[in-house]
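Participant: coordinates for the following, if possible.
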Amino acid sequence: IAKARRFETTKAMLGRLVMVSRVLTEDKETVAVRSEEFLRAACKGPYSGLLLVYPKHAIFFLETHVDVTIPFVKFIGGLEKEGLLGGTRMLQTTDASRTVYKTFNYRVINLAATKTAEHKSAEALDVVVAEALGNMTKLGLFISSLPKGSLQGVLDNLHEAVPELMCSQGLLEHLLKAEDLDGVPEY
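Facilitator: Here you go, the predicted structure:
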């Protein structure tokens, strides 16, 4: 019985963290590699999610034990102090009953200029946040449904395979300019 309770407690401690950042460095791979290295070192249990590093922005979708959430946000704050990232905004921090992604992956995305156009939206901020969260969740479900043999090829070409599920840089910039979203210091 105690073992079952521990499992249920651990299961209930699953957290989801989604945030966007402005990428300030030309070396996009450094942001991705250092994020994955931090997660490998910090996570005692499984973690999953996706980090997409665009030419000017990054979006993090992390699913892990809730004890890793604050250290990861502090890690991102450290990347901001180093001048690699800036203006990070939290889109979602919540408990999760199940994961959307099976594993953690990252990709550096080189999008065409048409994808960097300004996001024009008269919609409320919560609607725009929901659009970004919806896209990342649908992207996770799509990736999770792929057979292992085709996973790497599709991940390398996400912007071509499922462009409708990719958050545009304009959308990410719109979110970064939203003063109503918490940044690293407020979190």
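Participant: could I get the buried residue list for the helix or strand harbouring Gly153?
Facilitator: Secondary structure assigned from DSSP states H and E places Gly153 in helix 148-156. For helix 148-156, a neighbour-count test (16 or more other Cβ atoms under 10 Å) marks nothing as buried. In this view, the C-beta of every residue, glycine as well, is placed from N, C-alpha and C.
Participant: so for the helix or strand following it, what gets flagged as buried?
Facilitator: In the C-terminal direction, the helix or strand that comes right after helix 148-156 (DSSP H and E) is helix 158-161. If you call a residue buried by 16+ other Cβ under 10 Å, then helix 158-161 has these buried ones: 158-159, 161.
Participant: reformat these as JSON lines; add distance to Lys102 and pLDDT.
Facilitator: Output for the buried residues of helix 158-161, formatted as JSON lines (distance: Cβ to Cβ, whole Å; pLDDT from 0 to 100):
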{"residue": "Leu158", "distance to Lys102": "16", "pLDDT": "89"}
{"residue": "His159", "distance to Lys102": "21", "pLDDT": "87"}
{"residue": "Ala161", "distance to Lys102": "17", "pLDDT": "89"}
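Participant: and of those residues, the nearest to Leu24?
Facilitator: Closest approach between those and Leu24, by Cβ to Cβ: His159, at 21.7 Å.
Participant: with distance to Lys148 added, can I get the buried residues of helix 158-161 in a markdown table?
Facilitator: What follows is the buried residues of helix 158-161, written out as a markdown table (distance: Cβ to Cβ, whole Å):
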| residue | distance to Lys148 |
| --- | --- |
| Leu158 | 17 |
| His159 | 21 |
| Ala161 | 16 |
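Participant: could you look up the SS state of the residue most central in space within the chain?
Facilitator: The chain has Phe60 as the residue nearest its centroid, 1.6 Å off, counting by Cα atoms, centre = their mean. When classified by DSSP: H, G, I helix; E, B strand; the rest coil, Phe60 comes out as strand.
Participant: circling back to that earlier point, the helix holding Gly153 - contacts with which helices or strands?
Facilitator: Contact here means 3 or more Cβ pairs under 8 Å, 6 or more residues apart in numbering; DSSP states H and E; on that basis helix 148-156 packs against strand 104-108, helix 125-144.
Participant: now do His65 against Val73, distance only.
Facilitator: Per Cβ to Cβ, to the nearest Å, His65 is found 14 Å from Val73.
Participant: can you check Ile109 too?
Facilitator: 23 Å.
Participant: likewise for Ala124?
Facilitator: Between Ala124 and Val73 the computed distance is 25 Å (Cβ to Cβ).
Participant: repeat for Ile143
Facilitator: Separation of Ile143 from Val73 (Cβ to Cβ): 24 Å.
Participant: one step back: for the buried residues of helix 158-161, which one is nearest Leu17?
Facilitator: Looking across the buried residues of helix 158-161 and measuring by Cβ to Cβ, the closest to Leu17 is Leu158, at 20.5 Å.
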